[in-house]
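Enquirer: The following block contains a protein sequence and its predicted model.
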Amino acid sequence: MSVVVDESASGTVTPLPAKASGPLPHEPHLTVVEPRAGFTLRDLSELWRYRELGYYLILREMKLRYKQTILGVGWSLFQPVATVMVFVVFIGWMGKTAEGIPNYALHVLLGVLPWTYFASAINNAGNSLVANERLVTKVYFPRLLLPLSNVGSATVDFGVALGLVAIVMAWYGVLPGWTVIFAPLVVALLAMLAIGLGVMLSALIVAQRDFRYLLNFGIQLWMFATPCIYLGRHAIGPRGEQVLAVNPMYGIILSFRNLVLGTPMDAHSWFALGMSAVMSVTLLFAGLVYFRRVERTFADTI
C-alpha cells in the first residue's frame, strides 16, 4: 500500500488507497496504430471495416468528375465514341484496314471500351494520393482506399458505357453469343490488372513525381502497342501474335471481344488469356506489397 509522510511536527503517516486495477469507466478505448510490412489479411479486414468510407470516396470521385457539366455521366460515352470514330475514319475507311473485318465499328468499340476503362483507372488511381495530399497527411484511414476508389469510379463508367455496346450490336443486327456470360470474368481480370498497376503507380508518384509524366504518355504508347484494339488479329502476323502475348491487355481485349461476339477461342487466344491472367495476378500482388511497404512514409514525402 502506498503511503504519504507528513513532515510536520506531528509526523503522522496517512495511507493512500490502493490504485484500482484496469482502466477507469470513463477512459476511452485506446487504438494503437503501428506500421506493418507487407500486405496481410489484417489489411483486408481493415478495408472491410472502412467499406462505407470507400463507397463515399467513389461517390465523391463521380461528383467531382462531372460537377458543373452538361452531359454529366454522358462523358463516359463521349470518349469511347470519339475514339471509335477516329479509328473507323482514319484507320478503317482511309487506311482500308477494315477490309475483312465484319462490323468494323463494333470490332473497334469492343476493344476501345476495356482500354478506356483500364487507362482511366490507372491514370486516376496513380494520381490519387498526390491529389488528396491534405487528406493523407491529416486523417488516418487505409490509404489504399484512395486508388481503389478511383478504380471503382472507372468501373461505374465502364458499366454505363456497356449500354453503348448493346445499341451498336442492335444497329448491326448482331446477337451476343452464349459465351457472353463469361465476359465478367475477363472484366474482373482487367480490374485486377488496373488495381495492381494503379496502386503501384500511386506509391511511385508520391516518391518521385517523374512517374506522373511517364504515366501520361506511357498510356498513349501502350494503346498503340495493343493493335488488337483497331486491327484484326491476323493483321500482325503469327510472329507478332506471339510477341504481343506478353502484353496483358492484348489477351484481355482479345478474349473480351470473342466472348461478347461468341467467336470461338482458339489455342492462341487461350494462351494470350493465360499470360494476361498470370501477369495480372503478379502485378496485383506486387502492387499491394510495395504500397504497404512504403505507406508509412507517405505523410512525410507527399
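Expert: Great, that's in hand.

Enquirer: Output the lowest mean pLDDT helix or strand found in this structure.
Expert: Across the helices and strands of the chain, mean confidence by mean pLDDT, DSSP states H and E is lowest for strand 3-5: a mean of 46.

Enquirer: okay, Gly159: pLDDT?
Expert: Looking at Gly159, its pLDDT stands at 91.

Enquirer: Which strand or helix spans it?
Expert: If you go by DSSP states H and E, Gly159 is part of helix 145-172.

Enquirer: neighbours of Met62, just the number please.
Expert: When counting by other CB atoms under 10 Å, one arrives at 18 neighbours for Met62. Every C-beta, even on glycine, is put in place using the N, C-alpha and C of the backbone.

Enquirer: Now do the same contact list for it.
Expert: Going by CB atoms under 8 Å, 6 or more residues apart in numbering, Met62 touches 73, 153, 156.

Enquirer: Okay, the second one and Phe285: tell me how far apart.
Expert: In this structure, Ser153 lies at 23 Å from Phe285, with CB to CB, to the nearest Å as the measure.

Enquirer: Buried ones in the helix holding Gly159, by neighbour count?
Expert: By neighbour count on 16 or more other CB atoms under 10 Å, the buried set for helix 145-172 is 145-155, 157-158, 161, 164-165, 168-169.

Enquirer: Repeat that for stretch 131-145.
Expert: Buried, per 16+ other CB under 10 Å, within stretch 131-145: 131-132, 136, 142-145.

Enquirer: show me where the stretch 201-302 of the chain has helices.
Expert: Counting by DSSP state H, counting those that start in this stretch, the stretch 201-302 of the chain has helices at residues 210-224, 237-244, 248-261, 267-294, 298-301.

Enquirer: Now do the buried residues in the shortest one.
Expert: Looking back up the chat, that one is helix 298-301. Residues of helix 298-301 classed as buried: Phe298 (neighbour count, 16+ other CB under 10 Å).
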